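Enquirer: quick one, structure for this:
(3 chains)
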Amino acid sequence: MEREQTARQKSLWWVAGVIVIVYALFPVAWIVSLSFKRASDLSSREFLPTTWTWDNYDLILRGDFQDLFLSALRNSIGITLIATFIAVVLSTFCAYAIARLDFPGKKLILTTALAVSIFPVISIVTPLFNLWRNIGLYDTWPGLIIPYLSLTLPLSIWTLSAFFRQIPWELEQAAQVDGATTWQAFRRVIVPLATPGVFTTAIISFFIAWNDFVYGISLTSTEAARPVPAALAFFTGASQFEQPAGAISAAAVIVTIPVVILVVLFQRRIVAGLTQGAVKG
Amino acid sequence: MTATPAAAGKLQVEKTAPPPTSDRARSERRLGWLLAGPAFVVMLLVTAYPIAQAFYESLFKYRLTDPDARAFNGLGNYAVVLTDSVWWQAVGVTVLITAITVAVEAVIGFALALVMHRAITTLRPVLRTAILIPYAIITVVSAFAWLYAFDLQTGFVNSWFSWLPAISEETNWFGGFGTSVTVIIMSEIWKTTPFISLLLLAGLAQVPEDLQEAAKVDGATWWQRMYKVTIPNMKAAIMVALLFRTLDAFRIFDNVFIMTQGSQNTEVVSFLAYRQTIGRLEIGLGSAVSVLLFLCVVLISVAFIKLFRVDLSSARGGN
Amino acid sequence: MGKTSAIWAVALATMTALAACGSDDGDTPTLTWYINSDNGGQAEIARRCTEEAGGAYRIETSLLPREASAQREQLARRLAANDSSIDLMSLDPPFIPEFAEAGFLAEIPEDVAAAVTDGTVQGAIDSATWKDELVAVPFWANTQILWYRRSVAEEAGLDPENQPVTWEQIIEAARDQDRYIGAQGIRAEALTVWINALVESAGGQIISNPDAPVEDVEFGLDSDAGRAAAEIMETIGREGLGGPGFPNQDESASMFQFQGDRGSFMVNWPFVWPATLAAVDDGSLDQSLVDDIGWAKYPAVDADTPSRPPIGGINLGIGAFSDHLDETYDAVQCIVSVENQAFYFVNDGNPASHADAYDDPEVLDVFPMAPVIRESLEDAAPRPMTPYYNEVSTGLQDTWHPPGSVRPDSTPESSTELISSVLRGEKLL
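Expert: Residues are numbered from 1 along each chain as shown, chains lettered A, B, ... in the order given. Now for the predicted structure:
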């Protein structure tokens, strides 16, 4: 893809690149700036704070919103990690079977995954709510983890199947010919090849589960399971009539930090994961 | 991952054997379902069962706070919904939002993909990171950012852009339909364009470089090459990207919930369903709306597949 | 593999650690009180009563969403599942009939009812009563008063403190001086509060027979009172007197506008007083603003008819499925004691439902307008007490919004039609 470029072309792509970066980061910069504003500064209508303050962070981490926010954060982290873990394990098995085994119903599974991924969440949330009430899963961790699987599994299966299809499985046999045991061959040859795919799938699943809002507001009702996006609607000012923009922004920034870290560390892999299975290679 | 070694070992034996006997084929089949089954069952349980249940509930007059009055109502709920202007209004708004966002995103997404495809190597990681952030950020967070940016009290947009003829210090963005929908659409575009651009980037990578070069030698301009070579060669990728974004945009909920709560006629279908079941606790009516929303999504998929011949086997799960 | 397994190990460890949190012992029954958001006062009262109980029970609080309608959703969903974990709940009064009718509220024994209503202002008792029975315990009672800028009133030749003003006078003053009126034009519960206060002040009623079965409900909107209310809203909305953000102006947005250079008159809850003082402390507002603020009773529609201010606040419902009813009856009496109500008034700015709290010197010190609040509470008119309140309120918000589009000759009629057909199940909302 590297081609000769004239200096003019080069600077043009630079400009384009900078425009893209500003476009992508501007709203994030705004919410960060908002989170550092003092209460009296919030209605200044300026982009940047006049004086920077940690007040809002103090409020959600140590002050009035501490219980609300920290329990929501705990729920979000726990539920998302477990949902991601289960989705990755199940989809690894499933994608392995699809990529390597010959059995009827492969197409059915892939089509089902596709159908599930286009499902309107709002259509299934009410029946789930009724069912959860009856079997005691309402407002619990499993009560969110299970529906999160409907969001994460389809994507994981498709991404991983695409990854696994590209693995040169012959290498495993070659290693065995060279005298390695089945287990050694698998561990030394296949696992290193498959790990990046599994890892990337885990990150993408994490984003999806972390992003959920509809299940979060519909299937929880206390600090026992309420995740952060749903909890943001619970923040109030000194009276029930005030919505504290500063505290909400600070909470929003905190839940964005893990996302940014993952993106910065693994941007190449995430792009590969998102594009790999997109069109049959 | 823990169970795969054993499975792989077993398989390995089968693969080396010459033509598989029916016995081996059967055991491979069994193993295939054993591995793929759990994921398959879980997916069915959390979607097929609830939608069936929703269909069943939609046949009843049923209000959660008045369970004694529950009564079979046939298709009555559907008749109420389909003859109500509220439903059609919500459908209209949803279609409007979907059409504009997808159209704009296709253009911006394509431009982003081109920039990423051609960008200088040093800039590429930064670009990828920047583009992934809107994709990965929580929709609710993005909705709050856009809400506060345009809000009359907290926003900077009015003071920054008051030199524009249509905007003043006192422009109330969430006070009318046009401006509210504009902000909703803008935030939706910002958040989801990266997704479409990544799908298009994958398509770009598949356009044979030698075709480009040949066209260049023949003296084709940049635009001609774009039209004659690049776009036709990535048609499949474009169609898949459009389909997924259309379905995704049609289900828009979070942005509307945070920004307007459906006021100024910005109610979308998902929000209507939410308000009937969760807000009004009218399980019967709300389930009917939910089922209709589901049918809309199916209809869009079928239309895409039939009209544009999108090859879904080349696609993968959406966002 | 090493790297990956390390990542999984960390993930698993985190999960187990997270799952391990949050289990506790229990010989003393723990009562769960679902509270609406406030300045921390309810949590503090829960702590005080737990202490006072000396081991007889422990009260834990659990927070509900900010919006009244969302609070109702959460509670109704749990109660519809016969959830025994709800012992006490802070209820917005308009939803009490629905909860009572659905059997979500435990009966209140006569001795408890007598104890908690003794000395309580009438408006608050009414808002906790359904079909002549006390079904919830009055806790705090909110009402709106008229806030005004003394300078503006003076220039208009008005003296709201001594001579009750009408909406017409307010509109005229704002128009003449090119100022903004503060009211809640947002499509939310606040709009219903305003509509109801206008209709009631004009001598009408949104629903004339609120406890009738759903088929027989009669609406009083399509009347002179309804039209008078519509006219006021239309004028403020259409002439832009409510300010640029009027169609989505909620209570706090009204307050910010009132504090600004073009503030004039505003109808709002008492929370604006501590909030304004806090902004002055904070340095973002000037003390001269505070000196310019006056207060009076809610404006009248017609000079000869006294106004009927809105009533809000919170009543305490007792969960019908609670496992600890006896302890909950004790706890609720502790919570609504006069001392606790006075504390709550001072700490959170939420006015008491018990008349004695208004004589508390500390209350008078913090809220010099306490006498006006108390007087307003006596005259206040509740929003329609009906099990279908949510439908009625949402229907009103659908048809009376944005305020500038309200038309006296058609809006009252069309909203009556919409709500009637929604109640008959013939339309969506």
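
Enquirer: now stretch B:134-143: mean pLDDT?
Expert: Here stretch B:134-143 scores 94 as its mean pLDDT.

Enquirer: is it anywhere near chain C?
Expert: No - if you take Cβ under 8 Å from any Cβ of the partner chain as the test, stretch B:134-143 misses chain C, and the best it gets is 14.0 Å. Just so you know, the C-beta spots here come from the backbone N, C-alpha and C atoms, and that holds for glycine as well.

Enquirer: tell me, how many residues neighbour A:Ser11?
Expert: For A:Ser11, the neighbour count with other Cβ atoms under 10 Å in any protein chain shown is 12.

Enquirer: can you check B:Pro125 too?
Expert: Using other Cβ under 10 Å, B:Pro125 has 14 neighbouring residues.

Enquirer: ditto for C:Leu146
Expert: Neighbours around C:Leu146, by other Cβ under 10 Å: 27.

Enquirer: dump the residue contacts of it.
Expert: Residues in contact with C:Leu146 (Cβ atoms under 8 Å, 6 or more residues apart in numbering or on different chains) are C:160, C:165, C:265-267, C:295-299.

Enquirer: could you do C:Tyr180 as well?
Expert: Counting by Cβ under 8 Å, 6+ apart, C:Tyr180 makes contact with C:174, C:241-243, C:257-258, C:260, C:262-264.

Enquirer: returning to that earlier point: JSON lines for the contacts of C:Leu146, including secondary structure and distance to C:Leu64?
Expert: Shown next, in JSON lines, are these (DSSP: H, G, I helix; E, B strand; the rest coil; distance: Cβ to Cβ, whole Å):
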{"residue": "C:Pro160", "secondary structure": "coil", "distance to C:Leu64": "35"}
{"residue": "C:Val165", "secondary structure": "coil", "distance to C:Leu64": "36"}
{"residue": "C:Phe265", "secondary structure": "strand", "distance to C:Leu64": "32"}
{"residue": "C:Met266", "secondary structure": "strand", "distance to C:Leu64": "27"}
{"residue": "C:Val267", "secondary structure": "strand", "distance to C:Leu64": "25"}
{"residue": "C:Trp295", "secondary structure": "strand", "distance to C:Leu64": "30"}
{"residue": "C:Ala296", "secondary structure": "strand", "distance to C:Leu64": "33"}
{"residue": "C:Lys297", "secondary structure": "coil", "distance to C:Leu64": "31"}
{"residue": "C:Tyr298", "secondary structure": "coil", "distance to C:Leu64": "27"}
{"residue": "C:Pro299", "secondary structure": "coil", "distance to C:Leu64": "32"}
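
Enquirer: and these, which two are furthest apart?
Expert: Across the contacts of C:Leu146, no pair lies farther apart than C:Met266 and C:Lys297, at 13.7 Å, counting by Cβ to Cβ.

Enquirer: in the lengthiest helix in chain A, which residues are buried?
Expert: Secondary structure of chain A per DSSP state H: the longest helix is helix A:66-100. Going by neighbour count (16 or more other Cβ atoms under 10 Å in any protein chain shown), the buried part of helix A:66-100 is A:68-69, A:71-100.

Enquirer: this completes my enquiry, with thanks.
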